[in-house]
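> One predicted model, sequence on top.
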Amino acid sequence: MGNLKKPSVLEVDKDTQVTCIDLPGEPIRCVRTKPKLRVVLRKHRDVVFDIKLGSGASYTVESEKSHFYSERDGHLVMPHTPIQFQDGERLHLWVARTFAGKLLLKKGGQLIAQYEPNKIDPFTCTAQNPEGKPAPLIVSIQMAGGMNTATSSSPRSVSQELLEDMQTMHVMEVKNQGMQTPKEILDFFASGGNETAIDTNGVVTRNWLLGQLVGAGVYGLENQKWIRELNGQRFYLKKRIRKSGEAVYDVIFTGNHKIRELLKGTRYLADNPVVLTITNGAGTANGIRHAAWNATKSTFKKLGAVGIVFSIFTDVAEWIGDYDQIDPATGKPKSSVLDLMSRVGVNLVKAGIVAALTAVAMAGFTLVFGLVATAAIPISVIVVGTIIITAMVTYGIDWLDKELESSSAIKSAISNAATYLTKKHPSDYDGYSALTQSDFGWGVAP
C-alpha cells in the first residue's frame, strides 16, 4: 500500500512459542507447547468514523460478534456494547485481524449502516508478520455544499434518510491492471464524459445518455410482468371515506381480471404492496414513502445492480483517461485514485436519491392525472413517464452535484482523515495521505 511498512519475519529460538494479540488488554489464548512463551502485539486495523452533518446528533457504534478497542476511551469494548460519539467528533477505533462480523452504525437506536472491516481487502496476517499493517477503514458522512439534512415537519421521506447516509466511504483495493477490458471499448467510454453540444453544462454527455438507456432497459426488464399483463389497459384513482372518517384512495384496474396472474383483483388500496410499483403509492404519504424506499433498494439489487455496474464502469473508464495523462509540472497523474473513488461514491449515493425522488415525482404525477384531470391512466403513460421523469430527476441531481462540488467535499473529508492517520501513526502511514501513486483507493460501502 504505497509506502506502508512491509511485514517483517519474526525470528525466535526453537524453545520459544509465539502467540499474538492485536489489541491492548486482549486476553491471551493459546495451548502452551514450548518452555518459553512470547506474546507479540500485532498491528491492528484502524477504523475512523467522521460524521459532519451539522445536526448535533449523537451516534453509536457497536460490534455484533467481536470486541474492539476505543482509542478515545482507552479500553476494549465488548460485543453488543454501543460506544457513543457526537456529530463533528472523529471516532477512532482499533479492530483485530481476527475481528469477525460487522460494526453497526446507529442513530437513535436505528441502524444507519454496517461495515465488515476485515473484508475490505485481501490482507492476511499471521504470527510471522506482526508488523504488517492492515488497510484502514474510513467512514466519512458529510454535508456537502450546505445541504440541509435536518428532519422537516412534514412526514419523514426516504430521500431524507438517504441524505443522512450520504457519502459513506471506505478503503478498498483498486488496481488499474485489474480491468480486463479491450482497449477500444475502454477508449470509447474514456472519451464519453466530455462536454457535448447538447448540454453546455457538461451533464448530458455520451456516457450519461448511454446510462439513461441502460436504466430504461433495466426498468423494463424488472417490471416486464405487470407491463406485459396490463398492456393496453388503464387504471383509476378513486377517493372514498371510511366509516371512521379516514380518506383513502383505491386503485381500480380496467380489463378482465380473471385472465391476469399478477394482478388478480380489480380494486386495491393505493398503498397495497401489489400496486406500489405501478402507482408509487399515489394518494397516501405512507404509500409514497414505501414506494420510494422500495425503488431505492431495488437500485442496488438484482437487475438494478446492472445500472450501478455500468455507472461504475464508465466512471473508471473516464478516470483512466485522466490518470494516464501525466502532469509535466509534477510528473504525476493528473487524477488520483481518490478522485476516482470520491466520484464513484457520490454517484452511488445519487443513484439512490434519484430512485427515491423519481418515485415521489411519479406519485404526484399519477395523483394529478387521476384525480385532478379525472381521467383513466394508461399503463403506457406510467412506463414512459417513469423513464422521462427519471432522466429529468437525474439531470437535476447531476447538475446540483456539479454546483455543490460534492465529490470535492468528499475528497477533502477523506484526505483529512488520511492525514490524521499519517500524523497519528507516522511509521505505519508514511506518505499515506498523498493517495496519488498508491494501489489503494476509496469506495462506498452501501
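Sure thing, it's come through.
> Output stretch 346-358 as PDB - backbone C-alpha positions only.
Extracted C-alpha coordinates of stretch 346-358, given in PDB (Å, rounded to 0.1, in the frame of the first residue of the first chain):
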ATOM      1  CA  VAL A 346     -21.100  10.300  -4.900                       C
ATOM      2  CA  ASN A 347     -22.600   8.700  -8.000                       C
ATOM      3  CA  LEU A 348     -23.800   5.700  -6.000                       C
ATOM      4  CA  VAL A 349     -25.500   8.000  -3.500                       C
ATOM      5  CA  LYS A 350     -27.100   9.900  -6.300                       C
ATOM      6  CA  ALA A 351     -28.400   6.700  -7.800                       C
ATOM      7  CA  GLY A 352     -30.400   6.000  -4.600                       C
ATOM      8  CA  ILE A 353     -31.600   9.600  -4.300                       C
ATOM      9  CA  VAL A 354     -32.700   9.600  -8.000                       C
ATOM     10  CA  ALA A 355     -34.700   6.400  -7.400                       C
ATOM     11  CA  ALA A 356     -36.500   7.800  -4.400                       C
ATOM     12  CA  LEU A 357     -37.300  11.200  -5.900                       C
ATOM     13  CA  THR A 358     -38.500   9.600  -9.200                       C
END
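> Relative to the whole chain's centre, how far out is it?
Computed by C-alpha atoms, centre = their mean, to the nearest Å, the separation of stretch 346-358 from the middle of its chain amounts to 10 Å.
> Report the rounded mean pLDDT for that stretch.
Mean per-residue pLDDT for stretch 346-358: 87.
> buried ones in that stretch?
Judged by neighbour count using 16 or more other C-beta atoms under 10 Å, the buried positions of stretch 346-358 are 346-358. To be clear about C-beta, it is placed using only N, CA and C from the backbone, and glycine gets the same treatment.
> Make TSV out of these and add distance to Arg289 and secondary structure.
Formatted as TSV, those follow (distance: C-beta to C-beta, whole Å; DSSP: H, G, I helix; E, B strand; the rest coil):
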residue	distance to Arg289	secondary structure
Val346	24	helix
Asn347	24	helix
Leu348	22	helix
Val349	19	helix
Lys350	20	helix
Ala351	19	helix
Gly352	15	helix
Ile353	15	helix
Val354	17	helix
Ala355	13	helix
Ala356	9	helix
Leu357	13	helix
Thr358	14	helix
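> Tell me the one among those nearest to Arg42.
Closest approach between these and Arg42, by C-beta to C-beta: Leu348, at 33.2 Å.
> That closest one contacts Ile308, doesn't it?
Yes. With contact defined as C-beta atoms under 8 Å, Leu348 counts as touching Ile308 (6.8 Å).
> what's the average pLDDT for stretch 254-268?
86.
> contacts for it?
Under the criterion C-beta atoms under 8 Å, 6 or more residues apart in numbering, residues 225-226, 229-230, 232-236, 250-253, 274-275, 376 lie in contact with stretch 254-268.
> mind listing what's buried in that stretch?
Buried residues in stretch 254-268, defined by neighbour count with 16+ other C-beta under 10 Å: Gly255, Arg260, Leu263, Thr266, Tyr268.
> Buried ones among the contacts of stretch 254-268?
Buried among the contacts of stretch 254-268 by 16+ other C-beta under 10 Å: Trp226, Glu229, Leu230, Gln233, Arg234, Phe235, Tyr236, Asp250, Val251, Phe253, Val275, Ala376.
> how about the nearest residue to the fifth one, chain neighbours excluded?
Nearest in space to Arg234, with sequence neighbours left out and distances taken as C-beta to C-beta, 6 or more residues apart in numbering, is Ala376 at 3.9 Å.
> if I look at the one you found, how far off is Thr279?
Using C-beta to C-beta, to the nearest Å, Ala376 is found at 13 Å from Thr279.
> So Leu91 sits against Thr60, correct?
No. Checked against C-beta under 8 Å, the pair Leu91 and Thr60 is beyond contact range at 9.8 Å.
> follow-up on the earlier one: next step: the buried residues of stretch 254-268 restricted to helices.
Taking DSSP state H, every one of these sits outside helices.
> if we can go back for a sec, identify the contacts common to Leu91 and Thr60.
When contacts are counted by C-beta under 8 Å, 6+ apart, Leu91 and Thr60 are jointly contacted by Ile83, Phe85.
> Looking at those two, which has the bigger crowd around it?
More crowded of Leu91 and Thr60, by other C-beta atoms under 10 Å: Leu91, with 21 against 17.
> Okay, and that one sits in which element?
strand 90-95 (DSSP states H and E).
> May I see the buried residues of that strand?
Leu91, His92, Leu93, Trp94, Val95.
> ok, those vs Met392, which is closest?
Using C-beta to C-beta, the buried residues of strand 90-95 come closest to Met392 at Leu91, 39.3 Å.
> So in the chain, where's the weakest helix or strand by average pLDDT?
Lowest mean confidence among the helices and strands of the chain (mean pLDDT, DSSP states H and E): strand 169-173, at a mean of 30.
> Alright, calling it a day.
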